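A.B. asks: Fold the following, please.
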Amino acid sequence: MFRQDSQGEVPLFHEDENASSKSNIKHPLTCFFHLFFRTSAIIFYLFCEFLSLSFIANMVTIILLLSSDFWTVKEGSKSIVLSSESKIFWIGLIVCPVFWVFFMFSTLLAFNIKTLAVVIMGVVLQWANLYGYVRCKIGGGTKLKNMATNYFGLQLFKKVVNKPERP
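C.D. replies: Numbering: from 1, shown residues only. I've put the predicted structure just below:
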């Protein structure tokens, strides 16, 4: 049960290419770097004030880590086809954006406007990555768009037909 797209085949949690009880990771380097860049960006954000006093250097480092993750996920997803690798892929893809959203709210509540730009970049890059893969998995959103169009068209038709006549 794979959906073929331009990025490669990426199964969801419950899908498995071979139903063996033994879980092997055939692409450990891809899995490692997928999680490495994501967690490194989060860890670097948490400790950036201790690591460097330069705000620009911290911002550039975090954006480079997130960009490297973006590229790694794009290239690495072509080879991730086993169930265990798929779980690592989707967990990393879903959990890390949640951290960046949490950082965004904590930055807003602390009125730390200086680091808000970094956090917004983290949110945008991580959610764009997640959105792209979810959209590829669902099928480009054409079914959802057609359903919404049909629903709103039907509602408009009902309003026109049921419109009471004016005396």
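A.B. asks: any weak-confidence spans in this structure?
C.D. replies: Along the chain, segments meeting pLDDT under 70 span 1-23, 73-82, 139-148, 151-152, 156-157, 160, 163-167.
A.B. asks: all strands for it, in order.
C.D. replies: 4-5, 8-9 (DSSP state E).
A.B. asks: What is the neighbour count of residue 150?
C.D. replies: 10 (other C-beta atoms under 10 Å). Any C-beta I mention is one placed from the backbone N, CA and C, and that applies to glycine too.
A.B. asks: need the contact list for it.
C.D. replies: Applying C-beta atoms under 8 Å, 6 or more residues apart in numbering to residue 150 gives no contacts.
A.B. asks: With residue 62 instead?
C.D. replies: Applying C-beta under 8 Å, 6+ apart to residue 62 gives the contacts 41, 44-45, 48, 118, 121-122.
A.B. asks: Go again with 6 Å.
C.D. replies: Listed by C-beta atoms under 6 Å, 6 or more residues apart in numbering, the contact set of residue 62 reads 41, 44-45, 118.
A.B. asks: Who wins on neighbours among those?
C.D. replies: Among the contacts of residue 62, residue 41 has the most neighbours (other C-beta under 10 Å), with 27 neighbours.
A.B. asks: ok, it touching residue 63?
C.D. replies: No - Residue 41 lies out of contact with residue 63 (C-beta atoms under 6 Å); the separation is 8.5 Å.
A.B. asks: can I get the CA coordinates of stretch 122-139 in PDB?
C.D. replies: Output of stretch 122-139 as PDB, limited to C-alpha atoms (Å, rounded to 0.1, in the frame of the first residue of the first chain):
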ATOM      1  CA  GLY A 122      11.500  26.900  12.400                       C
ATOM      2  CA  VAL A 123       7.700  26.700  12.400                       C
ATOM      3  CA  VAL A 124       7.500  27.500   8.700                       C
ATOM      4  CA  LEU A 125      10.300  25.100   7.500                       C
ATOM      5  CA  GLN A 126       9.100  22.200   9.700                       C
ATOM      6  CA  TRP A 127       5.400  22.600   8.900                       C
ATOM      7  CA  ALA A 128       6.100  23.100   5.200                       C
ATOM      8  CA  ASN A 129       7.900  19.800   5.200                       C
ATOM      9  CA  LEU A 130       5.100  18.000   7.100                       C
ATOM     10  CA  TYR A 131       2.400  19.600   4.900                       C
ATOM     11  CA  GLY A 132       4.200  18.500   1.700                       C
ATOM     12  CA  TYR A 133       4.500  14.900   2.800                       C
ATOM     13  CA  VAL A 134       1.000  14.700   4.200                       C
ATOM     14  CA  ARG A 135      -0.400  16.200   1.000                       C
ATOM     15  CA  CYS A 136       1.600  13.700  -1.100                       C
ATOM     16  CA  LYS A 137       0.300  10.800   1.000                       C
ATOM     17  CA  ILE A 138      -3.300  11.900   0.800                       C
ATOM     18  CA  GLY A 139      -3.100  12.500  -3.000                       C
END
